[in-house]
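# Need a 3D model of the sequence below.
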Amino acid sequence: FADMHYDFDGAQDRIGVLFFILFYLALLGMSSLPVWRDEYLLFAHERASNIYGNLAYYLSIVLFDLLLIRVVPPFAFAFISYKWMNLQEYCEQCLYEFVLILVLANVTFALWSMGIGALRLSTVVSNVVGALVVMVFMLTGGFMVDRKTLQKDPFTNLVLFIDPMSYAFESLLINQFHAATTQDGEPLYYLINTTYCASSFPVISVSGDTILSTFNYATSHKQGNADVMSLVRIAAVLLVFIYLVLVWTGELSSKCRRFVARCFTPGARSAFGSA
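Below you'll find the model as predicted:
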């Protein structure tokens, strides 16, 4: 993907590399599956001893995982590879938007894995569920199946609604192709050599918006901004969900311990025996 050109091959390579980056981030996010499960017993004992509460533990885990592992690597990757791949080389703002989208996508993928891990399923079940979720997100991300086809079916449309890859992929494509300009500020065109089909066909030039509309993607920064906000909303909902699951499991385990203590204290055993 180094030094991609502005022709048909370059357009195809740009679409492919943007999807591959998101797919890699989705797989990387699966490393957050065991965050809550592996340390839960230690957390339960320390919480029962009033060393710290749910919120302190939750914030420490989330901030450490999200800031150090989910924010810093996309920053480094984007600033190293963006110019190298020749993605919108004459648009500095596009680089910062590219970084923002990658960070939000990485955070959201990690939060999905955290949400699955917060349910404290077994290791095998968590890995299977996490892998299936990533595969479904990949299929409904807009690269393999047409978006309009997915929107026709109520189930796939629902999956498309909660799929962070679909929002991130579309916003990356808009950032890359919409209103692209040359160094002189002129509209940027991709050269399509149609002589491969027939020698009499001419070489045509198409804009980035034409490429977007051909694949049923939006052609406005307004929709790209809406996709970014959708990523933020999904991340916020997942943050609340993870905390509620953490608190609920803690209260449930506390009630179970109190019930067992009442049933198996000497007074309780004697009462059961007299009965």
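# where do the strands sit along the stretch 51-200 of the chain?
Secondary structure of the stretch 51-200 of the chain by DSSP state E, counting those that start in this stretch: the strands cover 189-193.
# Return, as residue ranges, the portions of it with sub-threshold pLDDT.
For the stretch 51-200 of the chain, the stretches flagged by pLDDT under 70 are 194-200.
# go again using 80 as the cut-off
For the stretch 51-200 of the chain, the stretches with pLDDT under 80 are 51-54, 89-92, 120-121, 179-185, 190-200.
# how far does stretch 177-185 sit from the chain's center?
Computed by Cα atoms, centre = their mean, to the nearest Å, the chain-centroid distance of stretch 177-185 equals 28 Å.
# now the helices: where do they sit in the stretch 151-275 of the chain?
154-162, 164-177, 208-214, 221-264, 266-274 (DSSP state H, counting those that start in this stretch).
# weakest of the ones you listed by average pLDDT?
Note on the helices of the stretch 151-275 of the chain: helix 266-274 shows the lowest mean pLDDT, a mean of 49.
# how much space is there between Ala131 and Ser113?
Separation of Ala131 from Ser113 (Cβ to Cβ, to the nearest Å) stands at 10 Å. The way it works is simple: take the backbone N, C-alpha and C, and place the C-beta from them, glycine included.
# Of these two, which one has the most company?
It is Ser113, of Ala131 and Ser113, that has more neighbours when counted by other Cβ atoms under 10 Å, with 26 against 13.
# quick one: the more buried one and Pro34 touch, right?
No - using Cβ atoms under 8 Å, Ser113 makes no contact with Pro34, being 9.2 Å away.
# can you pull the pLDDT of the spatially closest residue to Phe143 that is not a sequence neighbour?
Once flanking residues are discounted, Phe143 sits nearest to Phe19: 4.3 Å by Cβ to Cβ, 6 or more residues apart in numbering. We have a pLDDT of 92 for Phe19.
# In the helix or strand containing Phe19, which residues are buried?
Phe19 belongs to helix 8-29 when assigned by DSSP states H and E. Of all the residues in helix 8-29, those buried under the rule 16 or more other Cβ atoms under 10 Å are 8, 10-11, 13-15, 17-19, 21-23, 25-26, 28-29.
# now for the helix or strand following that helix, which elements pack on it?
For helix 8-29, the following helix or strand on the C-terminal side (DSSP H and E) is helix 40-48. In terms of contacts (3 or more Cβ pairs under 8 Å, 6 or more residues apart in numbering; DSSP states H and E), helix 40-48 is packed against helix 54-63, helix 221-264.
# mind redoing it with 7 Å?
Helix 40-48 makes packing contacts with no helix or strand when contacts are defined by 3 or more Cβ pairs under 7 Å, 6 or more residues apart in numbering; DSSP states H and E.
# What are the buried residues along it?
Within helix 40-48, the residues that count as buried by 16+ other Cβ under 10 Å are 40, 43, 47.
# mind listing what the second one touches?
For Phe43, the contacting residues are Tyr57, taking Cβ atoms under 7 Å, 6 or more residues apart in numbering as the criterion.
# Report pLDDT for the residue nearest to Met114 when sequence neighbours are not counted.
With sequence-adjacent residues excluded and distances taken as Cβ to Cβ, 6+ apart, Met114 is closest to Ser32, at 4.8 Å. Per-residue confidence (pLDDT) for Ser32: 83.
# Equivalent analysis for the one 4 residues further on, please.
Looking at Trp36, its pLDDT reads 75.
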